[in-house]
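J.: pasting the sequence and the predicted model now:
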Amino acid sequence: MTNDLNSNSRSGYRSKRKKTNIVLNSLIIVVLLLIIFVAYNIFATGNDNASPKKESTKTEQKENKDEQKESETVTTNDDGSVTDPAAEEEELSEDAATSEDSSTSEETTTPEEADESQAVVTEGDGNSNVIKATENPAWQPVGTSQSGEHTPVYDESSADWQEMLNAISYATGLDKGNMTVYWLGRDRSTTNGSFGTVASKDKQQKFNVYLQWVDGQGWKPTKVEELAELNQ
């Protein structure tokens, strides 16, 4: 009888202990899972916070490099003014281009001096206002910046007007700065011709000048009449 009681007591104790072990093991697993979950969240949040900082550092480094590069290309002079080599280079290029354009313009508007030995001079008859008339086959067109089909333009601000004055100056020897234009218009006696009356500022030299347009080459003087008086 006593042996049966002891056997039942040991069996109950073992069963109870087994249940206790199961509960403890379950709690240990839950705690481990919680620890893993918390640790994962901590590491994940730390990485998210670290990325913007890294990107921010890269941006700052790039900005510092740009500022350093800009400071290297700008020079401060003794007088406190700032010199930008890039701007200076651009300025020099523009000056060179302007100089080249100016040189080209002079070449196209200043033909070679005509051979005066070929000039045909006709003296006036004394009854007209013309002292003498000169026609020189050696005269050349003075050049032009215009292209395409040409129509004379009698407007002082036009390129055509300025090129006509170049031709008149070339034929008469009067400088444009010492020239007064009394008339400049179409010469109706010919196609694509112009006629002008000019004089020096002191009116000591007075001329009628006949011009002819040559396609692609500009205005060419054809005849110059030296005048006794200006018919105004």
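T.: Thanks, I have it.

J.: where exactly do the strands run in this structure?
T.: Counting by DSSP state E, the chain has strands at residues 75-76, 82-83, 120-123, 130-135, 179-186, 193-200, 206-214, 218-227.

J.: need those in JSON lines (columns: distance to Asp155).
T.: Just so you know, the C-beta spots here come from the backbone N, C-alpha and C atoms, and that holds for glycine as well. Shown next, in JSON lines, are those (distance: least, Cβ to Cβ, whole Å):
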{"stretch": "strand 75-76", "distance to Asp155": "48"}
{"stretch": "strand 82-83", "distance to Asp155": "44"}
{"stretch": "strand 120-123", "distance to Asp155": "33"}
{"stretch": "strand 130-135", "distance to Asp155": "28"}
{"stretch": "strand 179-186", "distance to Asp155": "10"}
{"stretch": "strand 193-200", "distance to Asp155": "13"}
{"stretch": "strand 206-214", "distance to Asp155": "16"}
{"stretch": "strand 218-227", "distance to Asp155": "15"}
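
J.: I'd like those strands as a markdown table, with mean pLDDT appended.
T.: Listed next are those as a markdown table, based on pLDDT from 0 to 100:
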| stretch | mean pLDDT |
| --- | --- |
| strand 75-76 | 56 |
| strand 82-83 | 56 |
| strand 120-123 | 94 |
| strand 130-135 | 96 |
| strand 179-186 | 97 |
| strand 193-200 | 97 |
| strand 206-214 | 97 |
| strand 218-227 | 97 |
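
J.: mind putting those into TSV with mean neighbour count and distance to Phe37?
T.: Compiled in TSV, those are given as follows (neighbours: other Cβ atoms under 10 Å; distance: least, Cβ to Cβ, whole Å):
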stretch	mean neighbour count	distance to Phe37
strand 75-76	11	61
strand 82-83	10	61
strand 120-123	11	115
strand 130-135	16	111
strand 179-186	14	99
strand 193-200	19	99
strand 206-214	22	96
strand 218-227	21	92
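
J.: please tell me how far Ala228 sits from Lys206.
T.: 8 Å (Cβ to Cβ, to the nearest Å).

J.: overlap of the contact sets of the two?
T.: Counting by Cβ atoms under 8 Å, 6 or more residues apart in numbering, Ala228 and Lys206 have no contacts in common.

J.: check Gly143 and give its pLDDT.
T.: On the pLDDT scale, Gly143 is placed at 95.

J.: what residues are up against the closest residue to Asp187 other than its chain neighbours?
T.: Spatially, and ignoring its direct neighbours in sequence, Asp187 is nearest to Gly193 (3.6 Å; Cβ to Cβ, 6 or more residues apart in numbering). Gly193 makes contacts with 186-187, 210-213, 222, as judged by Cβ under 8 Å, 6+ apart.

J.: again, but for Ile168
T.: Contacts of Ile168 (Cβ under 8 Å, 6+ apart): 174, 179, 196, 198, 207, 209, 211, 221.
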